[in-house]
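A.B. asks: Provided below for reference: sequence and predicted model.
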Amino acid sequence: MARGGPERTWRGYGVLAAVPLLLATACGGGGGGPAKTSPSATGATATGATATGRAAPGATDGPVVDADPARLPATRKAARALIGKAIAGPDDFGPGVVARTPYESGPDTWPVLGTDCVWQQRPPGHGILATLARSFEIPAARSKGPLRLAAVMTVHRADDGARWEMAESLEETMRCPTQQLRQGESISGVGATALALGEGGQVTSDDSLMEDGQYRSAELGGPYPYVWMQSQTLRFTYAVTARGGEGWARGEIDEVAVRGQAAMMNRLGDAIGRKG
């Protein structure tokens with residue numbers, strides 16, 4: 001499920017405004033939670049960039065990542081290798097998260113939202129070097145049903161490709177407030193808000209899109225909260241989705257999703273930022 005898969009959504013500007021702060025906290029120095037498998041950047045330089053090339057919270061006068069051109073992947077092989085290093089794994093979301101089966105999407109899988117608002121799988125276009133999605137869950141326990149999660153990272157051939165992906169994602173939400181994810185699964189009441197770098201306290205990516213809605217499943221019931229967040233930095237996009245289950249509060253779901261997103265942001269900066 002590339003592009004965050006056909007699993008998205010984020011409602012309410014109040015929630016949206018809080019997410020950049022959560023990401024900045026998750027990626028700042030000190031107190032790294034269980035999602036932290038990449039060293040946290042500490043100590044801003046004189047230019048406002050962190051030691052790993054990411055912009056320090058509050059710094060909006062320069063690029064989010066001071067990328068080394070030599071470290072930007074130009075081939076499918078290099079792009080797949082970078083994704084393998086940067087995409088979130090189970091531990092990045094916190095305790096109790098396990099891989100689902102199937103765990104990873106195929107390398108030639110790209111979701112397309114049809115005119116009927118039903119998601120379909122197609123081969124990725126020429127402008128995409130590589131894409132990968134992973135599926136996870138926190139199994140049902142005590143009074144809570146399962147929380148199902150996904151992470152996805154995509155490398156485009158050029159920055160414009162990643163920007164177009166973000167624009168298309170927003171258009172899809174406006175066009176299809178109700179979407180069928182797959183047989184027996186759907187989301188409804190989908191709303192979205194986008195924040196460019198520097199807007200609404202968003203200082204963690206070149207562009208950020210957040211959506212929410214209500215998730216229903218023939219297996220699990222519903223409606224339950226459904227969360228999706230996607231970020232774009234240069235030619236890269238990375239996203240996390242969370243499909244709530246019985247007993248899961250919205251704040252709990254947000255916290256789990258932000259951990260996974262923060263881990264990918266950290267690792268991407270480490271992978272493409274200038275060294276030294």
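C.D. replies: Okay, I see it.

A.B. asks: Distance check, Met265 against Trp248.
C.D. replies: 24 Å (Cβ to Cβ, to the nearest Å). No exception for glycine: its C-beta is placed from N, CA and C like everyone else's.

A.B. asks: ditto for Val227
C.D. replies: Going from Val227 to Trp248 by Cβ to Cβ gives 10 Å.

A.B. asks: Neighbour count: the two, which is higher?
C.D. replies: With neighbours defined as other Cβ atoms under 10 Å, Val227 and Trp248 compare such that Val227 has more, 28 against 19.

A.B. asks: And the helices in this structure?
C.D. replies: 13-27, 76-86, 159-175, 250-272 (DSSP state H).

A.B. asks: Please render those as a markdown table that adds mean pLDDT to the earlier fields.
C.D. replies: Shown next, in a markdown table, are the helices of the chain (pLDDT from 0 to 100):
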| stretch | mean pLDDT |
| --- | --- |
| helix 13-27 | 46 |
| helix 76-86 | 96 |
| helix 159-175 | 94 |
| helix 250-272 | 95 |
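
A.B. asks: and the nearest residue to Ala140 once chain neighbours are set aside, how many residues sit next to it?
C.D. replies: Once flanking residues are discounted, Ala140 sits nearest to Pro146: 4.8 Å by Cβ to Cβ, 6 or more residues apart in numbering. Here the count is done by other Cβ under 10 Å, and Pro146 has 19 residues near it.

A.B. asks: Repeat that for Tyr226.
C.D. replies: Tyr226 has 29 nearby residues by other Cβ under 10 Å.

A.B. asks: Mind listing the residues bridging to His156?
C.D. replies: Ile128 (DSSP bridges).

A.B. asks: That one contacts Phe236, doesn't it?
C.D. replies: Yes - using Cβ atoms under 8 Å, His156 is in contact with Phe236, at 7.5 Å.

A.B. asks: Find residues that contact each of those two.
C.D. replies: Ala162 (Cβ atoms under 8 Å, 6 or more residues apart in numbering).

A.B. asks: The two - which one has more neighbours?
C.D. replies: Comparing His156 with Phe236 by neighbour count (other Cβ under 10 Å), the higher total belongs to Phe236, at 28 against 24.

A.B. asks: so who does the more buried one touch?
C.D. replies: Contacts of Phe236 (Cβ under 8 Å, 6+ apart): 153-156, 162, 268, 272.

A.B. asks: Apply 6 Å and report the result again.
C.D. replies: Residues in contact with Phe236 (Cβ atoms under 6 Å, 6 or more residues apart in numbering) are 155, 268.

A.B. asks: what's across from it in the sheet?
C.D. replies: Bridge pairing for Phe236 - DSSP bridges - gives Val155, Thr233.

A.B. asks: now Gly273
C.D. replies: Beta bridges link Gly273 to Ala67 when assigned by DSSP bridges.

A.B. asks: Just the pLDDT for it.
C.D. replies: pLDDT recorded at Gly273 is 95.

A.B. asks: cool, and Ala55?
C.D. replies: So Ala55 comes in at 39 (pLDDT).

A.B. asks: try the one 3 residues further on
C.D. replies: The score at Gly58 is 41. That number is its pLDDT.

A.B. asks: Equivalent analysis for Pro107, please.
C.D. replies: 79.

A.B. asks: what's the answer for Gly200, then?
C.D. replies: For Gly200, pLDDT reads 86.

A.B. asks: how near is it to Arg76?
C.D. replies: From Gly200 over to Arg76 (counting by Cβ to Cβ), the distance is 35 Å.

A.B. asks: what's the answer for Arg100, then?
C.D. replies: From Arg100 to Arg76 the distance is 26 Å (Cβ to Cβ).

A.B. asks: Over to the residue nearest to Pro123 when sequence neighbours are not counted: give its phi and psi.
C.D. replies: Spatial nearest neighbour of Pro123, chain neighbours left out: Asp108 (5.0 Å); criterion: Cβ to Cβ, 6+ apart. When quoted as degrees, to the nearest 10, the phi and psi of Asp108 stand at phi -110, psi 30.
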